[in-house]
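Colleague: quick check, what structure comes out for this input:
(one chain, ligands or ions: 1)
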Amino acid sequence: MPTIVLHDLTLGYDRHPAVHHLSATIAAGSLTAVVGPNGAGKSTLLKGIMGTLPPLTGHIVRDRTRIAYLPQQAEIDRSFPIAVHELVAMGLWAGIGPFGRVTATHRDLIAKALAAVGLTGFERRSIAALSGGQLQRVLFARVLLQDAQVILLDEPFTAIDARTAADLLAIVRRWHDEGRTVVAVLHDMDTVRAQFPETMIVARELIAHGPTRLALTAANLLRARQMCESFDDAAPVCDVPAKGAAA
Ligand SMILES: Nc1ncnc2c1ncn2[C@@H]1O[C@H](COP(=O)(O)OP(=O)(O)OP(=O)(O)O)[C@@H](O)[C@H]1O
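Modeller: Below is the predicted model of the structure:
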């Protein structure tokens, strides 16, 4: 089972740091909520763990295991001419590559994943013709197909109705019961308190991390808000030396 260790991690864009000197250990099989104000660096952190955004300083240690990522809906180009079954089939890429042949067995897996998210019969529909909640179900089906040990979810329950949120939350619980490591960016603190045993509060740097009842306090949330409000987005490159660097 993979543990993810973040060592003094700084992530950013064009050398402007968005996440500063963050160190944390995400235990194998844990179910962790990442919370913090808008612009706090939560999505950036997921991209760093995913490996799509290389660290400016520090590093990440994790097993070379399969990792699945559910992006924010806003990052999906709905105008792209692709059908539901084609989008879900992308979950097979780690196994067969982007140009691999989708066999009858694969089609069966796609059908099962769509059934698991309540979208049987939607295979041929264009993603442009889906509601927001339906698209989120399709994205979950793609993650299901990836069969990854580490699953990163960016705002998986935002802008969907209560029924869809409950259905998708049940899938997240199942992943947790199966021993997978799940990290989800969330804004609804009630969901975090009720469903996520671990919480990480991020506000450009790590504010708190640990069991939700200890980490998710009013004082820590206030500190996170104050940190983000005082952060200068136009600040130059980070001037805090990496740990272990010569002064
Ligand atoms: N592609 C990018 N290029 C330049 N700056 C970026 C890019 N993506 C994010 N940022 C900046 O990095 C900072 C952190 O953004 P990020 O999206 O990680 O925050 P977040 O906590 O996920 O916010 P939200 O809750 O609003 O989704 C912000 O100042 C943002 O403007």
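Colleague: checking Arg101 next. Helix, strand or coil?
Modeller: Judged by DSSP: H, G, I helix; E, B strand; the rest coil, the three-state class of Arg101 is coil.
Colleague: residues of the chain that sit close to the ligand?
Modeller: Counting by C-beta under 6 Å from any ligand atom, the chain comes close to the ligand at 13, 18, 36, 38-44, 233. Using the backbone N, CA and C atoms, a C-beta is placed for each residue, glycine as well.
Colleague: what about those residues, which one has the most neighbours?
Modeller: In terms of neighbour count, Lys42 stands highest of those at 28 neighbours, by other C-beta atoms under 10 Å.
Colleague: most widely separated two among the residues of the chain next to the ligand?
Modeller: Of all pairs drawn from the residues of the chain next to the ligand, the greatest distance, 17.5 Å, lies between Tyr13 and Gly36 (C-beta to C-beta).
Colleague: give me the number of residues near the nearest residue to Leu144 once chain neighbours are set aside?
Modeller: The shortest distance from Leu144 to any non-neighbouring residue, by C-beta to C-beta, 6 or more residues apart in numbering, is to Ala113 (4.4 Å). Ala113 is flanked by 25 other residues according to other C-beta under 10 Å.
Colleague: Ala141 is in contact with Ala113, correct?
Modeller: Yes: using C-beta atoms under 8 Å, Ala113 is in contact with Ala141, at 4.0 Å.
Colleague: which neighbours do those two share?
Modeller: Taking C-beta atoms under 8 Å, 6 or more residues apart in numbering as the criterion, Ala113 and Ala141 both touch 88, 91.
Colleague: quick one: the helices in the chain?
Modeller: 42-50, 84-89, 93-96, 104-116, 132-146, 162-177, 189-195, 212-215, 218-229 (DSSP state H).
Colleague: among those helices, which gets the worst mean confidence?
Modeller: For the helices of the chain, the weakest mean pLDDT is recorded on helix 93-96, namely a mean of 70.
Colleague: contacts for that helix, please.
Modeller: Contacts with helix 93-96, where a contact means C-beta under 8 Å, 6+ apart, come from 66, 100, 102, 106, 146, 148.
Colleague: chain neighbours aside, what residue packs nearest to Phe80?
Modeller: Ile127 (7.1 Å).
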